[in-house]
Structure formats: structure tokens, C-alpha cells
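Q: Fold the following.
(one chain, ligands or ions: 2)
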Amino acid sequence: MSNVGIQILEHGQGLKLPEYETSHSAGMDLMAAVAEGEQVVLKPGERKLIPTGFAMALPGNFEAQVRPRSGLAWKNGVTVLNTPGTIDADYRGEVKVILINHGDEDFTITRGMRIAQMVIAPVTQISWDQRDSLDETARGSGGFGSTGTGT
Ligand SMILES: O=c1ccn([C@H]2C[C@H](O)[C@@H](COP(=O)(O)OP(=O)(O)OP(=O)(O)O)O2)c(=O)[nH]1
Ligand SMILES: [Mg+2]
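A: Ligands and ions are numbered 1, 2, ... in the order given. Prediction:
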């Protein structure tokens with residue numbers, strides 16, 4: 001996939017487009033489209049929906065995942081509440097980021113701050129084939145630690 005439609009909304013004008021920071025970055029950083037000169041403050045425990053100032057049209061077999069930046073998580077305790085956020089290919093609204101402050105200090109967001117990252121990933125859709133029973137496997141219904149924790 002190379003060229004994907006992006007629409008810069010009025011409050012996103014002047015911000016950089018999301019971009020890959022290095023040649024093999026999996027994600028593009030998302031900028032906060034907070035109004036110029038204004039700031040959004042996340043108090044400890046608080047969550048807010050942060051605008052990015054753009055909308056996009058992904059091809060039908062792709063999704064975008066909104067993920068936290070590890071630096072913000074580690075240094076400030078700030079993360080994406082619904083990580084990974086799911087952007088459907090048919091969504092044409094503004095991409096927004098649900099940030100939550102798990103830290104113990106106020107976190108201030110200003111215009112252009114890189115608050116999260118977005119990974120584009122392929123999507124597989126399935127259809128159901130309803131059966132009375134399923135095939136046998138070595139695992140069967142074992143899970144939730146059934147294989148133990150040691151070596
Ligand atoms: O972090 C996110 C998650 C979602 N969305 C947008 C794009 C996505 O396509 C749409 C719906 O997201 P989701 O399916 O996660 O939310 P929902 O609560 O199921 O809402 P809906 O009933 O609209 O699907 O909201 C974002 O902008 N950011
Ligand atoms: Mg949904």
C-alpha cells in the first residue's frame with residue numbers, strides 16, 4: 001500500500017502530516033490538533049479525547065491501530081486507554097485519540113505534540129461455519145496457564 005487519501009481538517013491546517021520517524025518505524029506519530037496557544041491538561045486519572053486534525057480513507061482490507069508511545073507511558077504514565085484503538089477502513093471522521101493519565105502529575109498537551117502512534121495493518125474478515133463439535137487438538141480446552149509457568 002502506498003498512497004492513501006488523507007483530509008486535513010480546518011483545525012489540523014499547519015500541522016505536519018503523520019510520518020514514519022525512521023526508515024523502519026512501524027507506526028506514524030499522531031499530533032495533537034489542540035488550538036494554537038491553548039493547552040489541554042490531563043489531571044491524574046483523567047481521560048480526554050484528543051483531536052488529530054485529519055481524516056482518512058484506508059483501502060478496504062486495512063485498518064489503523066492507535067497505540068501509545070512508550071516514552072509517554074514510561075516518563076509520564078500517559079497512555080491510550082483503548083489501545084489498540086481501531087480505525088475502520090470505512091471511517092471518514094476525524095481520527096481521535098483517547099488518552100488517559102495514569103501518572104501522578106498533571107500532563108499538558110499542546111498543539112503538535114506527538115501523543116500516540118498509528119500502525120496500518122491488514123484485515124482478514126471471515127464468515128462462520130456453525131458446527132455441533134470442533135476438531136480435537138492437543139490443547140483442547142486448556143488455557144489460562146494450563147501449560148504452567150516453569151521451564
Ligand atoms: O481510538 C480510536 C478508536 C476509534 N476511532 C474511530 C474510528 C473507528 O472506525 C470508529 C469506531 O471505533 P470503534 O468500533 O472502536 O468504536 P465503537 O464504540 O464500536 O463505535 P461504533 O459503534 O461507531 O463502531 O471510531 C477513533 O478515531 N479513535
Ligand atoms: Mg465499532
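
Q: how about the residue of the chain most remote from its centre, secondary structure?
A: In the chain, counting by C-alpha atoms, centre = their mean, residue 132 sits farthest out from the average C-alpha position, at 37.7 Å. Under the three-state scheme (DSSP: H, G, I helix; E, B strand; the rest coil), residue 132 adopts coil.

Q: Who are the contact partners of it?
A: Neighbouring residues of residue 132 by C-beta atoms under 8 Å, 6 or more residues apart in numbering: there are none. Where you see a C-beta, it was placed from the backbone N, CA and C, and this is true even at glycine.

Q: Quick one: the helices in this structure, in order.
A: For the chain, the helices defined by DSSP state H cover 70-76.

Q: What residues does it have near ligand 1?
A: Applying C-beta under 6 Å from any ligand atom, one finds that the chain approaches ligand 1 through 66, 82, 85-88, 91, 95-96, 98.

Q: Show me the two of the residues you listed that sit farthest apart.
A: 88 and 98 (15.7 Å; C-beta to C-beta).

Q: Pick out whichever of the two has more residues nearby.
A: Ranked by neighbour count (other C-beta atoms under 10 Å), residue 88 and residue 98 place residue 98 first, with 16 against 12.
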